[in-house]
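Trainee: Following is a predicted model, sequence given first.
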Number of protein chains: 2
Amino acid sequence: MYAVILAGGSGTRFWPLSRETTPKQLLKVVGDETMIQQTLVRLGDVMPVKNIYIITGQKYVFDIKNQTDQVGGAGLKIIAEPSARNTAPAIGLAALHIRKRSPEAVMAVLPSDHVVTRPEAFRKVLMQAATVAKKGYLTTIGVVPSRPETGYGYIQKGASLSKTDGIEGFKVQRFVEKPDAATARKYLKSGDYLWNSGIFVWRVKDILAEMQKQIPDLYQGLMKIGRALGTKKEEEVMAAVFKELPSVSIDYGIMEKASKAAVISADIGWCDMGSWIALAEVSPKDRMGNVITGNVIDIASKDSIIYAGNRLIATIGLQGTVVVDTPDATLICGKEHTQDVRKVVDELKKKGAEELLEHVTVVRPWGSYTVLEVGPRYKIKRIVVNPGAKLSHQLHHHRSEHWVVVSGTARVTVGEKTYNVHPNESTYVPLSTGHRLENPGKVPLHLIEVQNGDYTAEDDIIRLEDDYGR
Amino acid sequence: MYAVILAGGSGTRFWPLSRETTPKQLLKVVGDETMIQQTLVRLGDVMPVKNIYIITGQKYVFDIKNQTDQVGGAGLKIIAEPSARNTAPAIGLAALHIRKRSPEAVMAVLPSDHVVTRPEAFRKVLMQAATVAKKGYLTTIGVVPSRPETGYGYIQKGASLSKTDGIEGFKVQRFVEKPDAATARKYLKSGDYLWNSGIFVWRVKDILAEMQKQIPDLYQGLMKIGRALGTKKEEEVMAAVFKELPSVSIDYGIMEKASKAAVISADIGWCDMGSWIALAEVSPKDRMGNVITGNVIDIASKDSIIYAGNRLIATIGLQGTVVVDTPDATLICGKEHTQDVRKVVDELKKKGAEELLEHVTVVRPWGSYTVLEVGPRYKIKRIVVNPGAKLSHQLHHHRSEHWVVVSGTARVTVGEKTYNVHPNESTYVPLSTGHRLENPGKVPLHLIEVQNGDYTAEDDIIRLEDDYGR
């Protein structure tokens, strides 16, 4: 069995916690692991790590590798999409990669923004789904509804197909769009409907065959890519063909018209983290129905979500309000308006407020930096360099840099000289001078950088040499 | 004519904009001047500056002098109360000072947290009140009500006393406490009632005589202080006697029982900035009834007050909500709960969160500093030194300091050496080494200080010499 994790989302609905450079799947939304880490860990040993693929945008590859390596994911494969083309092309692309290794393989498709509170039950459901898939069914995980939710699509169950270990599979009678409240109540009461989780299990050959039938343009394009896979032309063909593939979702493009569709009834504590509201579904609430995280003083609020970090958030008498605080931006939003968060992101793009589309802390291959303040003629950063890591050999034409070591040891090259700088010591890199910063030690190096000059943007950098091929 | 401005308030109701070290009167709440500056400027040339007294707490004296100097207040007198004892003792103390210069003087008493949008009319009212006061009346400014406000006390007008320039004075029929909504509507409709502004005008001898009659303990105490004024014992007697004076308000202790009280009917655009709600009274509103200031993106909010600075505040669909953002703390509060802001301040005190009781920017005699970040073993400050100013000659036992000059020129003394540091240059002060920082230039000196050490709190300072006598 193989798994394909879809991790291409840009996650505007969780702004300001998610940013263009740090979408939801890279964030710790619930618990101590990021959503992509949780998605991986949830698979347990259902399949070996080398059978797991993550498909994502080019700009997220580094962070995803870094995060998945931390939870035993070393050896999984990351496929970078040249552009975002919705779920059907992404799944098709992953299917090609798997088919090359194993034409009869069963693959599970897993979004990376779900919470599952019963992972053991989830894995059993996945195994059961694989059994049904081996009979040629395009199989969906259908979640037993716990409330008349209007935010999810539903699946009506047909004839029973199998039952093992209390887990039952059915033919799909029909897929239905998000219902209104009255219909949702009817669905819940009937017991005939399940929530469409967007988790799928099928044989590679079956999904490709269905794509050929339902979306021939997509299939033709995929075949071109398939023929180039592993050849010298792979990159060139991918770049040329992928962006022309039809942008279609797997639900709308394939599942709703599939002749042989099945659904596994699952009771796995599932939640799609589609907006801030979903956070309240999966988090413990206080006596007043609030979900409160971080440095918060609250007086008499009700049914609210207050998500803070280190800055103090004081709330008094809120009702049904979502508050999300980050170092550089705060969102305050009526619960019924959480879908409008994307409008704020649109507004920021329109205004060219680029700095608010990424976090103040930026992760790099060698460690991370946090912008503490930007002012006229200066910028201040806190820099962390991992043990053994090395920044590129670089120079800047418009700024000098002053480094004060707070902890750890820095090995610094400025011009022709190389020397060590210890805690309590500082050094200085003049304008237009080649320099390199390295952590030769065994503990992280923390330093404060004060940049000084006419222009302190990141693009004033000339890389003379780089360990990370940038 | 003399004026006494009451500026002792600790202003917890405007937290987080106001802090223990920066109460409301020191803040720009509306417009480009602070409330104490506006109070002073509003007096115009009703009296010479040397006839103006400001009575405040010891810790606010420096800031008040600094702020009032900026708006032509050089030469006014600041009286520091040894402790806060409510309005009657403060007014009594000021009366002693004025009596010493002019026993027959008329004095106006002015709170420092009012907004008056028609200052010209206000000055005319003040002159008219002085005329009435000269006949021996304890005279209050009564504001013509514009709405059935339940947050103010009222004064019922009695017989007409005088009318000049369309401004009429009346005997006071009675003072009434804050009414309920129905009573307030009745008062408004009757035309017989005025809002009690807390602005008073009277002869020094009349208010002291009334204190003798109504609060003999207070009077006896004041007389002790009065006899010591201008003698070597002044400070000692003040310290011993003032803290024992009965803590009584002038309204409750004197005015409500005064036999000869008058009120001047005033239409002066007056507002008591008693809470965040008052801000909406005096600020222009948008189409949806919002008052929005600073870096805000709002979508569809109504009747809300959103007060931001440089950080981005994004609000969606709020109704009747107050949002106040500062660099280190954000308040979000239902409009009907603004009186509970003080509970947040109480909570912070209980938690010992001292850093949130002052602003990240601290004004000093020589300029100011802003704490940008505090972390393990380091603290980063942006420091501004005024032209010609000099910090104390000092040393620290637990931290070294690195200074990077951003603009202006620094003259630095470290140990025995003195040298200049220019923009783009940095210097270093080792542990336990005497050092001094000075701005020898004509423009402000901006520098970034990185402190490094086991302990970076402000109290690790040994002052060897100080221009400001600290």
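Mentor: Everything's here; your move.

Trainee: My impression was that residue A:227 belongs to a helix - is that right?
Mentor: Yes: secondary structure assignment (DSSP: H, G, I helix; E, B strand; the rest coil) places residue A:227 inside a helix.

Trainee: Excluding sequence neighbours, find me the nearest residue to it.
Mentor: Leaving aside its sequence neighbours, residue A:227 sits nearest to residue A:237 (Cβ to Cβ, 6 or more residues apart in numbering or on different chains; 7.9 Å). (Glycine included, C-beta is placed from N, CA and C.)

Trainee: Got phi/psi on the one you found?
Mentor: phi -70, psi -50 (degrees, to the nearest 10).

Trainee: try residue A:126
Mentor: phi -60, psi -40.

Trainee: quick one: it and residue A:108 touch, right?
Mentor: Yes: when contacts are counted by Cβ atoms under 8 Å, residue A:126 is listed as touching residue A:108 (5.9 Å).

Trainee: the more surrounded of these two?
Mentor: residue A:126 (27 against 24; other Cβ atoms under 10 Å in any protein chain shown).

Trainee: In three-state terms, how would the residue of the stretch 51-200 of chain A found nearest chain B be classified?
Mentor: Ranked by Cβ to the nearest Cβ, the top residue of the stretch 51-200 of chain A for proximity to chain B is residue A:151, at 17.5 Å. Using three-state DSSP, the structure places residue A:151 in coil.

Trainee: what about it, how many neighbours?
Mentor: Here the number of neighbours of residue A:151 (other Cβ under 10 Å) works out to 14.

Trainee: what do you get for residue A:48?
Mentor: 11.

Trainee: Which strand residues bridge the closest residue to chain B within the stretch 151-300 of chain A?
Mentor: Nearest residue of the stretch 151-300 of chain A to chain B, counting by Cβ to the nearest Cβ: residue A:297, 5.2 Å away. Note on residue A:297: beta-bridge partners residue A:314, judged by DSSP bridges.

Trainee: Test my guess that it contacts residue A:311.
Mentor: No: counting by Cβ under 8 Å, residue A:297 sits too far from residue A:311 to count as a contact (11.9 Å).

Trainee: circling back: can you give me every residue that contacts the residue of the stretch 151-300 of chain A closest to chain B?
Mentor: Taking Cβ atoms under 8 Å, 6 or more residues apart in numbering or on different chains, we find residue A:297 in contact with A:312, A:313, A:314, A:315, B:344, B:347, B:348.

Trainee: Among those residues, which pair sits farthest apart?
Mentor: A:315 and B:348 (13.8 Å; Cβ to Cβ).

Trainee: in the sheet, who's paired with residue A:374?
Mentor: Where residue A:374 sits in a bridge, its partners, by DSSP bridges, are residue A:379.

Trainee: so where's chain A shaky on pLDDT?
Mentor: Along chain A, segments meeting pLDDT under 70 are nowhere present.

Trainee: circling back to that earlier point, buried subset of the contacts of residue A:297?
Mentor: A:312, A:313, A:314, A:315, B:344, B:348 (16 or more other Cβ atoms under 10 Å in any protein chain shown).

Trainee: Dump these to a markdown table, plus distance to residue B:227.
Mentor: Below are the buried ones among the contacts of residue A:297 laid out as a markdown table (distance: Cβ to Cβ, whole Å):
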| residue | distance to residue B:227 |
| --- | --- |
| A:312 | 49 |
| A:313 | 53 |
| A:314 | 48 |
| A:315 | 53 |
| B:344 | 44 |
| B:348 | 42 |
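
Trainee: No further questions, thank you.
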